[in-house]
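*Asks:* Here is a sequence together with a model predicted from it:
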Amino acid sequence: MNLFEILKQFKKVEPDPRFTDRSRRMILAVPQEETRGIRRGLPAVWGILEAGVAVVLAGFFIVLITGSFPGSSYLAPVQFSVIDPQGLHAEAQAIDMQIQLANLNYPEASTPAATTKMSPKPTIKNAAPIGASSVSPFAASTTPSTTDTTSTTSSTVSLDQALEQLSQ
Amino acid sequence: MLDGEEKFIKQAVRGDSSAFGSLYDHYQPMIYRFVMVKVGTREEAEDITHQVFLSAWQNVKHYKHRGHPFSSWLYQIARNQVIDHYRSKKNETSIDNVDPEYFAAPAIAHFDLSMKLEMEKVRTAIRQLKPDYQDVIIMRFIEDASLKEAAAMLGKTEGAIKLIQHRAIKELKSLLGESTSISFQSLEVEVETEDQSLEEQHTDESF
Amino acid sequence: MKLFKTIIVAGILGAFAVLVSALVGKFAVARAAADCTLSTADVGQIAAVQSDSSLSSLDEVKAELAIRKQLITKVITCGKGDADALRATLEKTPATGDTATMKAQLLTKFDDAENFYDIELAKLDGVGIAGSQAIAKELLAWRVSSYIPLSGEVNNFILWGSNQNLFTTATTRMNETNRAVAFLESVSNNADLESALADAQTSFANAQAKNAEAKAALAEFLPPDQSLAAVKDSLAALSDTYQKFSRVSDLIKAILPQ
């Protein structure tokens, strides 16, 4: 076969249309203002703006409803769920639980994705991930099982350990 | 070049996503092929191609026409992404191994097995060339760019492209030389013609 | 009478057959689950064959090849099983808008993974020992460079997805806090309360930014350890926000009439 002809064949190679479609949509969905990436750490200001608008609206409705403010009896109509200690505590606990579960299931990687030629990575034996059956707002995790090669028992080997031995 | 490209570029610079979308539709297959020849797997080629256009979209507002075509800017981004990819990639297994996933890819599923194997041999050889040599091979023989077009896209002079092409083909021949299935007939004719014109060419053109 | 007896016996035999098949089924499930555990003894069979002096050279090669093929087949079957389980979990993860796009892209990669396993399995038929070693090497290289990073990406995506309910709840909490403080500030200025609210708002904005960064890291398919770090950072930032909410809550309680 002629090299020239072979090279010409590469021109017929096209990317997977599904990849193209997804990639295009993802890229064009990024607003141009959003030029920050993981390496640029500009905080979003939208949350602060939102809070400001909420304050203004709250003030407006207060004036509208109460006119002048005579005293404590007018505090009743306003909801103060923010001072509900149990609710606040439960929400905070849910976050702490999620953090603990994330640390438990995903310990900081000791080796990068591919270091040496053939070293097997920590093996995910049964890759059932965190939050698999999450329904409640508090994202309860179920059964994590991220098994590191170092945590295999003396009688079991991971898939990657087996492959390493089978490749020798 | 895309018809009406200047208009699309101006609109994209102003933030028009559908204008950028038209540029994407036109150039994405070329960039994908460019990257695919240079990296190990289809997945990597897709990831890098995605990064190229994401980066281009995020930075197009800074784009200024400086005498090079828009594609030249995209190829520059692609080259940098491939370099970054190799810098961060520590796995050295792929250069010699045939990638079965590559054969399964829909993009080349329509080639017969013998052609797939020949293409893989050639691709493996190309990946052993210097990046500049790879670029010229891809532009001239895969994308069918003329010398002038290749020079514009790669930001080099035509003379430099000719010289690089000459050297790249020679090196490719020597890498593939032991393969009895690949002949170099029509390429030799082209290289001889280049040789003659190169004897009269100065080699001090910068590239 | 004879017919009655025949019916009774047939019924008993039928029930027995149902019981046996149920038990066999159960054992089969247990066996299937157990079959995805590889032991050192399994892999050690190769060395055992190699050192068995009672085998002729030809028999030794045949036996070793059979073991290698059996083990590689098991690795592939178990690998596919892991991938199927992970895919199923990902499929159940709710996603909308651009996260649905990310989810779809991740799901497609499982097709590629399955494809790869199938190709390697098909290659196993006609190879010798050296060929089986090459296949094992290819599988390992592919798992290290492709599948394990993919499973990391998927797990991180699922983790991030499950965090969003926490952020939604926090948004509601932030809005309520804003309204409450605004109301109280209209009554009497309280510098401490204003300052505590500002802290909470800044902290929440930071947490939201970190959440967006984590999403961007997932969308850009950064290395899994990087995107995981981003997801964990966002949770830590949210936790800090709740400490600030708690401070505001304490101040409000102190202000309100008992």
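*Replies:* Structure received. Numbers count the residues shown, from 1 in each chain, chains lettered A, B, ... in the order given.

*Asks:* Count the neighbours of the nearest residue to C:Ser188 once chain neighbours are set aside for me.
*Replies:* For C:Ser188, ignoring the flanking residues on the chain, the nearest one in space by Cβ to Cβ, 6 or more residues apart in numbering or on different chains is C:Ile255 at 7.8 Å. (Glycine included, C-beta is placed from N, CA and C.) Neighbours of C:Ile255 under the rule other Cβ atoms under 10 Å in any protein chain shown: 16.

*Asks:* For the host helix or strand of C:Gln105, which helices and strands make contact with it?
*Replies:* Using DSSP states H and E, C:Gln105 falls within helix C:97-124. Helix C:97-124 sits against helix A:17-29, helix B:42-59, helix B:100-104, helix C:57-92, helix C:129-142, helix C:148-187, helix C:191-219, with contacts defined as 3 or more Cβ pairs under 8 Å, 6 or more residues apart in numbering or on different chains; DSSP states H and E.

*Asks:* Export these as JSON lines, with columns for mean neighbour count, distance to B:Asn80 and mean pLDDT.
*Replies:* Formatted as JSON lines, the helices and strands packed on helix C:97-124 follow (neighbours: other Cβ atoms under 10 Å in any protein chain shown; distance: least, Cβ to Cβ, whole Å; pLDDT from 0 to 100):
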{"stretch": "helix A:17-29", "mean neighbour count": "17", "distance to B:Asn80": "17", "mean pLDDT": "89"}
{"stretch": "helix B:42-59", "mean neighbour count": "22", "distance to B:Asn80": "9", "mean pLDDT": "90"}
{"stretch": "helix B:100-104", "mean neighbour count": "19", "distance to B:Asn80": "23", "mean pLDDT": "49"}
{"stretch": "helix C:57-92", "mean neighbour count": "17", "distance to B:Asn80": "32", "mean pLDDT": "92"}
{"stretch": "helix C:129-142", "mean neighbour count": "20", "distance to B:Asn80": "26", "mean pLDDT": "93"}
{"stretch": "helix C:148-187", "mean neighbour count": "22", "distance to B:Asn80": "22", "mean pLDDT": "90"}
{"stretch": "helix C:191-219", "mean neighbour count": "21", "distance to B:Asn80": "20", "mean pLDDT": "92"}
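
*Asks:* what about the residue of chain C found nearest chain A, distance to C:Leu235?
*Replies:* When scored by Cβ to the nearest Cβ, chain C has C:Ser162 as its residue closest to chain A, at 3.0 Å. Distance of C:Ser162 to C:Leu235, computed by Cβ to Cβ, to the nearest Å: 10 Å.

*Asks:* residues shared between the contacts of these two?
*Replies:* Counting by Cβ atoms under 8 Å, 6 or more residues apart in numbering or on different chains, the common neighbours of C:Ser162 and C:Leu235 are A:Gln98.

*Asks:* For stretch C:242-255, C-alpha coordinates in PDB please.
*Replies:* These are the backbone C-alpha positions of stretch C:242-255, laid out as PDB (Å, rounded to 0.1, in the frame of the first residue of the first chain):
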ATOM      1  CA  TYR C 242     -23.300  27.300  58.500                       C
ATOM      2  CA  GLN C 243     -21.000  28.400  61.300                       C
ATOM      3  CA  LYS C 244     -21.700  31.900  60.100                       C
ATOM      4  CA  PHE C 245     -25.500  31.200  60.000                       C
ATOM      5  CA  SER C 246     -25.200  29.900  63.500                       C
ATOM      6  CA  ARG C 247     -23.600  33.200  64.700                       C
ATOM      7  CA  VAL C 248     -26.400  35.200  63.000                       C
ATOM      8  CA  SER C 249     -29.000  33.000  64.600                       C
ATOM      9  CA  ASP C 250     -27.500  33.500  68.100                       C
ATOM     10  CA  LEU C 251     -27.500  37.300  67.600                       C
ATOM     11  CA  ILE C 252     -31.100  37.300  66.400                       C
ATOM     12  CA  LYS C 253     -32.100  35.200  69.400                       C
ATOM     13  CA  ALA C 254     -30.400  37.700  71.700                       C
ATOM     14  CA  ILE C 255     -32.200  40.600  70.100                       C
END
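
*Asks:* Show me the strands in chain B, by range?
*Replies:* Assigned strands in chain B: none (criterion: DSSP state E).

*Asks:* and the residue nearest to C:Lys80 when sequence neighbours are not counted, how many neighbours?
*Replies:* Among residues not flanking C:Lys80 along the chain, C:Tyr117 sits closest, at 5.1 Å (Cβ to Cβ, 6+ apart). Using other Cβ under 10 Å, C:Tyr117 is surrounded by 21 other residues.

*Asks:* contacting residues around B:Gln81?
*Replies:* By Cβ under 8 Å, 6+ apart, the residues touching B:Gln81 are B:Val35, B:Ile48, B:Gln51, B:Val52, B:Ser55.

*Asks:* go with 7 Å
*Replies:* With contact set as Cβ atoms under 7 Å, 6 or more residues apart in numbering or on different chains, B:Gln81 has these partners: B:Ile48, B:Gln51, B:Val52.

*Asks:* can I get these in a markdown table with distance to chain C?
*Replies:* Shown next, in a markdown table, are those (distance: Cβ to the nearest Cβ, whole Å):
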| residue | distance to chain C |
| --- | --- |
| B:Ile48 | 10 |
| B:Gln51 | 7 |
| B:Val52 | 12 |
